[in-house]
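In: Dropping the sequence and predicted coords here.
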Amino acid sequence: MKFSNFHQHTIFSDGKNTAEQIVQSAIGRGMEAIGFSDHSYTSIDESYCMMPDQYEAYFAECARLKEAYRDQIQIYTGLEMDYYSDIDRSKFDYIIGSVHYMYVNGICYPIDHSAAQQKEYIQNECGGDYLLFAKRYYDSLIKHMEKNRPDIVGHFDVLTKYGLVDEENETYQAIARDAIDRILPYVKIFELNTGAIARKCKTVPYPHPNLLCHILEGGGEFILGADSHASDTVDFYFNEATEILRQHGADHIVTFDIGQFRRIDI
Ligand SMILES: [Zn+2]
Ligand SMILES: [Zn+2]
């Protein structure tokens with residue numbers, strides 16, 4: 001099976017490699033398609049995202065690469081849209097919707113940049129209660145999906161990245177399952193996101209296997225996403241991720257193919 005990755009960052013945001021280096025790596029690995037998904041502009045934190053005046057260069061470079069490599073690989077211009085972004089989506093092939101921040105009274109707490117920052121939010125704003133954090137994170141994600149209707153739910157349970165949330169806790173799981181139920185009417189495609197495995201924070205992809213099952217039971221589907229920030233992780237852990245889906249009863253994954261989402265049997 002030829003893999004495709006639709007969650008790929010470049011030097012246009014916080015990735016390490018150019019878009020062209022990534023395309024060449026993906027071709028070398030025999031991939032079907034690569035979709036760029038650099039970070040949307042967020043005024044609350046300009047440190048990692050594309051600036052508004054970079055979008056045109058991003059579109060131009062993606063268009064140039066689509067043309068230059070058209071006989072070797074499909075290339076798409078996506079975007080990882082944060083909850084705190086406002087964008088004109090008409091020029092993007094697809095949108096991944098993600099929550100990266102908790103924002104309280106003008107203070108911005110990144111939740112997936114470092115354990116220390118996430119901990120600071122839980123201590124300062126939730127009185128140390130990680131369940132309150134989970135409730136607020138999922139509330140933001142639900143609102144993002146409801147308001148912006150992205151094509152794909154990005155790293156559904158990224159709040160578990162640093163092990164500060166007990167994923168086995170029953171109350172936590174109920175909060176997360178409720179979020180799935182409330183998101184599915186708006187967005188059906190979730191990422192099976194392997195990015196935190198590459199960064200050695202997790203040993204399984206997002207979402208947690210129990211939540212993955214709940215998504216499948218509710219009629220949701222999965223697309224593979226490496227959430228890669230370099231050219232050597234463009235298809236990281238994709239064989240294993242596909243096997244995980246199979247083991248939990250999935251019979252297909254979703255891919256973006258000639259501009260349309262379609263299913264492939266696994
Ligand atoms: Zn993200
Ligand atoms: Zn990402």
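Out: In hand now; what should we look at? Since this is a predicted model, take the numbers as computed values, not measurements. Ligands and ions are numbered 1, 2, ... in the order given.

In: For ligand 2, see how far away residue 245 is.
Out: 20 Å (Cβ to the ion, to the nearest Å). Backbone N, C-alpha and C define where each C-beta goes, glycine included.

In: any idea which element that residue lies in?
Out: Residue 245 belongs to helix 238-247 when assigned by DSSP states H and E.

In: for that helix, the distance to its chain's centre please.
Out: Taking the mean of its C-alpha atoms, helix 238-247 sits 17 Å from the chain's own mean (Cα atoms, centre = their mean, to the nearest Å).

In: One more: stretch 195-211?
Out: Relative to its chain's centre, stretch 195-211 lies at 12 Å (Cα atoms, centre = their mean).

In: Return the set of buried residues in that stretch.
Out: 195, 196, 197, 198, 202, 204, 205, 206, 207, 208, 211 (16 or more other Cβ atoms under 10 Å).

In: Test my guess that the fifth one contacts residue 209.
Out: No. Under the criterion of Cβ atoms under 8 Å, residue 202 makes no contact with residue 209, lying 11.9 Å away.

In: on that earlier part again, what's the average pLDDT for the helix holding residue 245?
Out: What helix 238-247 shows for mean pLDDT is 97.

In: Counting by contacts, list what the very next helix or strand once past that helix packs against.
Out: Per DSSP H and E, helix 238-247 leads on to strand 252-257 as the next helix or strand towards the C-terminus. Under the contact criterion of 3 or more Cβ pairs under 8 Å, 6 or more residues apart in numbering; DSSP states H and E, strand 252-257 touches strand 4-8, strand 33-36, strand 221-225, strand 260-265.

In: Sheet-wise, list the partners of strand 252-257 with their directions.
Out: Sheet pairing of strand 252-257 (DSSP bridges) gives strand 260-265 (antiparallel).

In: tell me the angle the partner strand makes with strand 221-225.
Out: With axes from the mean of the first three to the mean of the last three Cα atoms, to 10 degrees as the basis, strand 260-265 and strand 221-225 are set at 100 degrees to each other.

In: Put the alpha carbons of strand 260-265 into CSV.
Out: Taking Å, rounded to 0.1, in the frame of the first residue of the first chain, the C-alpha atoms of strand 260-265 are listed here in CSV:
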residue,chain,number,x,y,z
GLN,A,260,-11.3,14.5,-3.2
PHE,A,261,-11.5,12.5,0.0
ARG,A,262,-11.9,8.8,-0.8
ARG,A,263,-11.6,5.6,1.1
ILE,A,264,-9.0,2.9,0.7
ASP,A,265,-9.4,-0.6,2.1
